[in-house]
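1. Quick one, what's the 3D model for this:
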Amino acid sequence: TRPTGFSSVPPSGPAIPVTAIAACAPKEPTESRQDLMEASRQELATAVSERDMLFALVKEIAVDMEEMKRLENIISVTPVSAESDVREYSQLRNDMSALKRSLNQRRQRLAEVEEQLQQSGLFTDDLQDVIDIMRKQLDTQASEIKTLNTRLLKANSSIAELNTTIDSLNHSIDKANNQRDSIGRNAARFEEELYTCYYIVESKSALKDMHIIESGFLRPTRLTRDFDNSAFIAGDKRSLGALKMTSDKARLLSNHPDYSYEIIDNDNTKMLIIKDPENFWSHTNYLVIQTD
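-> From the prediction side, this is the model:
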């Protein structure tokens, strides 16, 4: 039992103030603490930046995948035809080349982000899995681009073959058209020759001077065999129904059936009326009329 009247203060000496103990405790320098906080902030900023770069790559790869689907849809859905626009084909090739360059850039950036993450203290197996998945997506896209490029080259080859075929067909058509035009011209020329007739109305002496007729003593007047037809007037058998003369006399020297024509008076002159053109011109295409 504690004796009554004894003090609780130890007899070993005066008490040490608490403030003195606290003052004797070691203190962390203020500058070191600020440096640590600044380093932590920088590390956090770096980690956030690397994370954002990774997320940005994920979005860019997703955009590339959409572009890949668009190109694949164009090549798969659009039928190959000779009318395919060359500019469209060139644009597809340019788009695929741009996409291929983009994938190479993504692959390089992914490697750089991976290296940065591995050097930091934030790298985990989960991040490695994400990077591996992204790398596989890039490899898949590169393979698809190669496949699409091959298909596009085949399509271009098919277009070239179609164009060659069409050029050949166009050449054949042009040749056929030329032949048709030639046949048409020949037919028109043949028709013109078929229905062209020649006539002359002159005196006996004029006809002799032009060597169209010949006559002699006790010989009847007749047409020569090799006369010059430049003196004749050309006409159309189908439209030459009547021939008016400036003389009151008319005598046919060329050979025409009597029933196919008649000569009538017309104001003190004569007029030849061709009643049956087909039979009238059946023996000769030349009509020679002597007016005296």
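2. got the residue ranges for the strands in this structure?
-> In chain order, the chain shows strands spanning 196-202, 213-216, 219-223, 233-236, 242-244, 251-252, 261-266, 269-274, 286-290, with DSSP state E as the criterion.
3. send the alpha carbons of the first one over as CSV?
-> Below are the C-alpha coordinates for strand 196-202, written out as CSV (Å, rounded to 0.1, in the frame of the first residue of the first chain):
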residue,chain,number,x,y,z
THR,A,196,-31.5,5.4,-164.6
CYS,A,197,-32.4,6.0,-168.2
TYR,A,198,-31.0,8.2,-170.9
TYR,A,199,-32.8,10.2,-173.6
ILE,A,200,-32.0,12.6,-176.4
VAL,A,201,-34.3,14.6,-178.7
GLU,A,202,-32.5,15.9,-181.7
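4. Sheet partners, orientation included, of it?
-> Listed by DSSP bridges, the sheet partners of strand 196-202 and their directions read strand 233-236 (antiparallel), strand 286-290 (parallel).
5. In it, which residues are buried?
-> By 16 or more other CB atoms under 10 Å, the buried positions in strand 196-202 come out as C197, Y198, Y199, I200, V201, E202. The way it works is simple: take the backbone N, C-alpha and C, and place the C-beta from them, glycine included.
6. need those residues in a markdown table with pLDDT, can you?
-> Formatted as a markdown table, those follow (pLDDT from 0 to 100):
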| residue | pLDDT |
| --- | --- |
| C197 | 92 |
| Y198 | 93 |
| Y199 | 94 |
| I200 | 92 |
| V201 | 92 |
| E202 | 91 |
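7. any idea which of those residues is closest to V288?
-> Looking at these and their distance to V288, the nearest is I200, at 5.8 Å (CB to CB).
8. For E67, see how far away the closest one is.
-> Distance of I200 to E67, given as CB to CB, to the nearest Å: 87 Å.
9. one step back: can I get the buried residues of strand 196-202 in TSV with distance to I133?
-> Rendered in TSV, the data for these read as follows (distance: CB to CB, whole Å):
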residue	distance to I133
C197	96
Y198	98
Y199	101
I200	104
V201	107
E202	109
